[in-house]
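> model this:
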Amino acid sequence: MKQVPSGTELARPFMPAKDFEASKKFYETLGFKKVLDGDVAIFKAGSGGFILQRAYQKNWAENFMMQLMVDDLDAWWAHIEGLDLAESDQLLDALWAHATQARFTFRQQWRVGDVVLWDNRCTLHRRDAFDPAARRLLHRTQIKASP
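Numbers count the residues shown, from 1 in each chain. I've put the predicted structure just below:
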């Protein structure tokens, strides 16, 4: 088998971005270093990285998966878990503020006969307070996704 030429050890996948500016802020908040910012943004973490593109193809984005390979998993978790309370709160506040923007939010105004379905793989959901004396009926169904 031929040897891979030197200088080609790093593969940087292209990642889709529906909201390019928000996506850049998201990855920076997680601790990725932005090394280029233009029509694409190149991020790196350790010896790896990825290219965030100002493009979005629904079918591709919904089937895209990125894996972060680390040499020392314990060290990576220590890095994440090692955030002090202020850093942790700042990261969680930024993620929550992004995920709960009005443009990403759906609020159901319930009427008799309503049914709501969501995909737990990519949806945060919650309920608001309700009158504890009110009658509520909930049926739960799970659908197995195809492999």
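
> what's the weakest-modelled helix or strand in this structure?
Least confident element among the helices and strands of the chain, by mean pLDDT, DSSP states H and E: helix 73-81 (a mean of 65).

> How about residues contacting stretch 87-95?
Contacts to stretch 87-95, defined as Cβ atoms under 8 Å, 6 or more residues apart in numbering, come from residues 25, 26, 29, 30, 83. (Each C-beta comes from the backbone N, C-alpha and C, glycine too.)

> mind running it again at 6 Å?
Stretch 87-95 has contacts (Cβ atoms under 6 Å, 6 or more residues apart in numbering) with residue 29.

> Near the closest residue to residue 45 other than its chain neighbours, how many other residues are there?
Spatial nearest neighbour of residue 45, chain neighbours left out: residue 32 (5.1 Å); criterion: Cβ to Cβ, 6 or more residues apart in numbering. The local packing of residue 32 (other Cβ atoms under 10 Å) involves 21 other residues.

> In terms of pLDDT, where does residue 32 sit?
With respect to pLDDT, residue 32 scores 83.

> Now do it against residue 44, distance only.
Distance, residue 32 to residue 44, by Cβ to Cβ, to the nearest Å: 7 Å.

> Check residue 60 too.
Taking Cβ to Cβ as the measure, residue 60 falls 23 Å from residue 44.

> Correct me if wrong: residue 43 contacts residue 32.
Yes. Counting by Cβ atoms under 6 Å, residue 43 does reach residue 32; the two are 4.1 Å apart.

> Assumed residue 25 was part of a strand.
No. Using DSSP: H, G, I helix; E, B strand; the rest coil, the secondary structure at residue 25 is helix, not a strand.
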